[in-house]
Each structure stands twice: as structure tokens, then as C-alpha cells.
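**Q** Based on what follows, work out the 3D shape:
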Amino acid sequence: MMGKWVLTGLLHDIDYEITAKDPNMHSIVGADMLKKIGLDDELVNAVRAHNDMHKIERTTLLEKALYCVDPLTGLIVAAALIHPDKKLSSIDHNFVLHRFKEKAFARGANREQIKKCSEIGLELEEFVKLGLSAMQNISKELSL
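**A** As a prediction, the model looks like this:
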């Protein structure tokens, strides 16, 4: 299961540059690309459903998790980048949660979408801890 989740996270924005001028197509094009190369239907459906513009109901745990973690990663990156050394290792979940409460900070990180973590059985604090920890574990690859 974990391999599919990692792959979903890595590939969910595969069409981002292609659809930059037409955000209504974002995730539809990506899902079609992934389907064409034979990837698992659950992964493909999660990619398709993560763009709120399409109003696709998210029913699986993978779909729900991808939807709420997508803006969280952006919030975490933004939080790291305002720190003097711009490193994930220099921030903790409380720092991220404090920034979460600042509406003017990282406006593109949809707080309501992040709060949907409750639909996967996680409280906000636990979700932020988990997301930050996962990103800190690959901070070298993220250059953060």
C-alpha cells in the first residue's frame, strides 16, 4: 500500500506545467496520462479527484489523504522558507500550526482543505506533525 501512496504523492501534479494556463484541466490531464501508462485505478482516481474544481466526490482513504495533504505541503514549505536558514529541520509542528492560524500567511494553502484531515481520522495537530516529519525525512531531496 505504501508504494502506491508515495507514487500518488509524487505524480499527482504531473500535468501542472501542461495545464498551467487552463487550471480546469489540471488533474484530468494528469489522471489520463497515468491511466495511459497503466497505473492503478485507485491512484488515477485520487489524482483526478484532488482538484476541487472538478467537484469529484472523494471516497477512498487515498483520495481523501491526497486532497488534504496537497495544501499542507505548501504551507510547510512556506513556513520553512520564512525561517532564517530556510530548513525544515529548523521548524516544528507548533511553528507550522501558528502559521496555519495566520490567514495572510501562505494564502494559497487552503486551510479548509487541510482541515479535511479529520475525514481520514487525524486531528489537525497530528496531521501537521505527520506531514512535517515526512517532509523532514526527505529534506535533502527537497533541498530544504
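
**Q** Could you list which residues are in contact with the residue nearest in space to the middle of the chain?
**A** Closest to where the C-alpha atoms of the chain average out (CA atoms, centre = their mean) is Asp70, at 1.6 Å. Each residue near Asp70 by CB atoms under 8 Å, 6 or more residues apart in numbering is listed here: His12, His50, Gln113. (Each C-beta comes from the backbone N, C-alpha and C, glycine too.)

**Q** Ala46 and His12 touch, don't they?
**A** Yes - the pair Ala46 / His12 is scored as a contact, 7.2 Å apart, by CB atoms under 8 Å.

**Q** higher neighbour count, the two?
**A** Between Ala46 and His12, Ala46 has the larger neighbour count (other CB atoms under 10 Å), namely 28 against 25.

**Q** how about that one, what does it touch?
**A** So Ala46 contacts Thr8, His12, Arg58, Thr60, Leu62, Glu63, Leu66 (CB under 8 Å, 6+ apart).

**Q** What residues of whichever strand or helix holds the first one count as buried?
**A** Assessed by DSSP states H and E, Thr8 sits inside helix 2-11. In terms of neighbour count (16 or more other CB atoms under 10 Å), helix 2-11 has its buried residues at Trp5, Thr8, Gly9, Leu11.

**Q** which among the residues you listed gets closest to Val77?
**A** Gly9 (14.0 Å; CB to CB).

**Q** how about the nearest residue to that closest one, chain neighbours excluded?
**A** Leu66 (6.9 Å; CB to CB, 6 or more residues apart in numbering).

**Q** any idea how far that neighbour lies from Ala79?
**A** Leu66 sits 21 Å away from Ala79, going by CB to CB, to the nearest Å.

**Q** the more surrounded of these two?
**A** Applying other CB under 10 Å to Leu66 and Ala79 shows that Ala79 carries more neighbours, namely 25 against 20.

**Q** mind checking the longest helix of this structure?
**A** Criterion DSSP state H: the longest helix present in the chain is helix 61-81.

**Q** Helices of this structure, residue ranges please.
**A** Along the chain, the stretches classed as helices by DSSP H are 2-11, 28-36, 41-49, 61-81, 93-101, 111-114, 124-137, 139-142.
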